[in-house]
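Student: Just need the structure, nothing else, for what follows:
(2 chains)
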2 protein chains.
Amino acid sequence: MTSQTPVTPPAQDTANPLLVEVTRGSQVESRHRAAVAVVDTAGKVVLAAGDTDRPVYPRSAIKSLQAIALVESGAADAFAVSELELALACASHSGEPRHVNAVTAWLARVGLSPADLECGPQLPGYEPALIDLLAGGGAATAAHNNCSGKHSGFLTLARHLGVPTKGYINYEHPVQQRILGVLEAMTGLDLGAAPRGIDGCGIPVIGVPLGNLALAMARLGAPDDQPEARQDACRRLRRAVAAHPFMVAGSGRFDTRVMALTGEKAFIKTGAEGVYCAALPDLGLGVAVKVDDGAGRAAEIIMGRLLAHFGILGAAEVDKLGGLFTAPVTNRAGSTVGEIRPAAQSPF
Amino acid sequence: MTSQTPVTPPAQDTANPLLVEVTRGSQVESRHRAAVAVVDTAGKVVLAAGDTDRPVYPRSAIKSLQAIALVESGAADAFAVSELELALACASHSGEPRHVNAVTAWLARVGLSPADLECGPQLPGYEPALIDLLAGGGAATAAHNNCSGKHSGFLTLARHLGVPTKGYINYEHPVQQRILGVLEAMTGLDLGAAPRGIDGCGIPVIGVPLGNLALAMARLGAPDDQPEARQDACRRLRRAVAAHPFMVAGSGRFDTRVMALTGEKAFIKTGAEGVYCAALPDLGLGVAVKVDDGAGRAAEIIMGRLLAHFGILGAAEVDKLGGLFTAPVTNRAGSTVGEIRPAAQSPF
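Tutor: Numbering: from 1, shown residues only, chains lettered A, B, ... in the order given. Just a heads-up that it's a prediction; the model follows:
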């Protein structure tokens, strides 16, 4: 190369730290930058990396906060929503038969059906379930959508409030306004003018600074400063998820495998575009992670390391979960050809 | 947030520039950094962004360079490999019936079958083809693997050389050694001690500095300094791909749609982990792109903008390709909720 016209990043381009690297053979192939906030219930930052003030869309990582409205309103009790169904309300599930059947039964009990779901159709995320569905002549439906449990919760809340179920995904609908109120209380922010968009499943997404997202998760785990009905709702949801970790994700998934071991010691939840949140009730801490580029593979590695760093997972459990903390990269023939691991610069 | 223990990236963590951003509603949700090298056949850098000296694994973006060995050796002629099959040898196809049937017919003519492919099975990347395959009781095979055309080329070369076909994916096999020789000649580097790993399809990947990768692509487009048989091979491969752009990728794919318009003016090829390469023969330029985090969605946006920047695609063609240059982000219901676009800092 004989000459070069380099492009220097402008001054305002402050890079978040490199926290995860993907190797292949003898070198690093890809790199992921991320911001991390770990905060206590008083809002004190216990650990931070990168820009924790930048608003991020929490995506599916706050389904538990959205489900608070379902419980604290009395809707869950009025419609005899089970613990398993509460776990589904907090889920990004893989569309396996157990998920889909449970959603369909729940909707029927509320007097509705998958046709009332406004989340759009999606093929199962778990490949064997996908193959079985299609080989059996089936097709993607809204019940297979990874968000169908959350939407069933929204529909149940709409029925309980006596408002139209149609349009329940819209920002102005009473269901979404109620959820916005919960989100404001838990994050400690007025979100009326916050950045806003539409999620993959059609509902509003609200931009929340990463540190405040961690605060909301801390409060989910230790909601002592919240109204009593909300405290009860937080505890019920945590218990539900700990009792039914399969319902929150599915076969082989990170959330399911980790929570099957941690029980109520950790409520962790993945979100699209590299978001990960956790409530660590025993420590009174909340965690929020956002990978700059949106890669879920990096967010999982970061969450795994944080759980080990804070002692939620001991050495024996890390051993048992093996590949979740330094994940293998495999080729199509199934051989391991690299790994996804914390970057050398990672502080945890 | 009352206090903070920020983590400052260490000095050696030099960030490549932000070139692509993904928006949702009123804010940027995710960000992609990348390095770009555009080089002429003499190795002069015409445009560069970020670190162009760092070795990257070219992955599938150099299937055309690998196919040179198939043609210049005389194997393609000896086995009457058609123009369509040469395009398949350069392909990362979507596993649609036209791809799979052509691969199977090619292998039969060489006296082999998909059972001889060592690339591992893969489900079709094109969802309607995936659904048809599974609904018809079919399953993923090696012929559906996006690399099956490239591997058919390797097998054809092995047959022509009179060496065992078994193990043709190994670094030491004569087929891979011949390809390494072509890669050295085209990149102008001794690659004997280069970083090395195994690709998703089982073959060796060799780390090449991004600038030298661009140089190799410039030479693919204008191979005047190469031996005559190699010059012929480069021209035949470019012609084959321009004549059969569907075979190189598939329905709706970026490579296919762009080359259907550009013909021989541009040979572009995507690779895993955010790599993109292009030869621009009329300009005597080669292009190499590597997105730090491995995101293909960002590499496509960068390649689209570069093609427009260098006048390979005029305003009318950019119009026709629409969403390829600022790609819509859609939700499960099909609504547009954001876009993937060049970052404000992008210099092209």
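Student: make it CA atoms for all contacts and neighbour counts henceforth
Tutor: Noted.
Student: Near chain B, which residues of the stretch 151-300 of chain A? Just list them.
Tutor: Residues of the stretch 151-300 of chain A lying close to chain B (CA under 8 Å from any CA of the partner chain) are A:195-202, A:211-212, A:273, A:291-295.
Student: mind listing which of the residues you listed are in helices?
Tutor: A:211-212 (DSSP state H).
Student: Most neighbours out of the residues of the stretch 151-300 of chain A next to chain B, which is it?
Tutor: Ranked by the number of neighbours (other CA atoms under 10 Å in any protein chain shown), these place A:Gly211 first, at 30 neighbours.
Student: Would it be right to say that A:His32 lies in a strand?
Tutor: Yes - remark: A:His32 belongs to a strand, assigned using DSSP: H, G, I helix; E, B strand; the rest coil.
Student: what residues are up against it?
Tutor: A:18-21, A:291-293, A:295, A:298, B:292-293 (CA atoms under 8 Å, 6 or more residues apart in numbering or on different chains).
Student: which SS state does A:Leu321 fall under?
Tutor: Classified using three-state DSSP, A:Leu321 is helix.
Student: Ignore what I typed, I meant A:Ser94.
Tutor: Of the three states, A:Ser94 takes coil under three-state DSSP.
Student: If the nearest residue to A:Lys290 once chain neighbours are set aside is in a bridge, with which residues?
Tutor: Nearest residue to A:Lys290, sequence neighbours excluded (CA to CA, 6 or more residues apart in numbering or on different chains): A:Val275, at 4.5 Å. Per DSSP bridges, residues listed as beta-bridge partners of A:Val275: A:Gly271, A:Lys290.
Student: On the pLDDT front, check the residue lying closest to A:Ala266 once chain neighbours are set aside for me.
Tutor: Leaving aside its chain neighbours, A:Ala266 sits nearest to A:Leu280 (4.8 Å; criterion: CA to CA, 6+ apart). Here the pLDDT value assigned to A:Leu280 is 98.
Student: Ramachandran coordinates for A:Leu280?
Tutor: Phi and psi for A:Leu280, reported as degrees, to the nearest 10, are phi -120, psi 80.
Student: Report the contact partners of it.
Tutor: A:Leu280 sits next to A:218, A:221, A:265-267, A:286-287 when contact means CA under 8 Å, 6+ apart.
Student: Greatest separation within these: which pair is it?
Tutor: Using CA to CA, these reach their maximum pairwise distance at A:Lys265 and A:Val287, which is 13.2 Å.
Student: Just give me the neighbour total for A:Ala218.
Tutor: 30.
Student: Grab the nearest non-local neighbour of the residue nearest to the spatial centre of chain A.
Tutor: Centroid check for chain A by CA atoms, centre = their mean gives A:Ala61 as the closest residue, at 2.3 Å. Spatial nearest neighbour of A:Ala61, chain neighbours left out: A:Gly271 (4.3 Å); criterion: CA to CA, 6+ apart.
Student: Who are the contact partners of that neighbour?
Tutor: If you count contacts by CA under 8 Å, 6+ apart, then A:Gly271 has A:58-62, A:277, A:296 around it.
Student: Among those, which lie within helices?
Tutor: Using DSSP H, these in helices are A:Gly296.
Student: quick one, strands of chain A?
Tutor: A:18-24, A:27-40, A:45-49, A:55-56, A:196-198, A:204-206, A:208-209, A:267-271, A:275-280, A:285-291, A:327-330, A:336-342 (DSSP state E).
Student: What about A:Trp106, how many residues nearby?
Tutor: A:Trp106: 23 neighbours (other CA under 10 Å).
Student: Let me know whether it touches A:Ser152 as I believe.
Tutor: Yes - in this structure, A:Trp106 is within contact of A:Ser152 by CA atoms under 8 Å, at 7.5 Å.
Student: who touches stretch A:196-210?
Tutor: A:35-37, A:52-59, A:118-120, A:147, A:169-171, A:176, A:187, A:191, A:194-195, A:288-290, B:24-27, B:330-333, B:337.
Student: Low-confidence stretches in chain A?
Tutor: The model of chain A has pLDDT under 70 over residues A:1-13.
Student: remind me, longest helix of it?
Tutor: Criterion DSSP H: the longest helix present in chain A is helix A:228-243.
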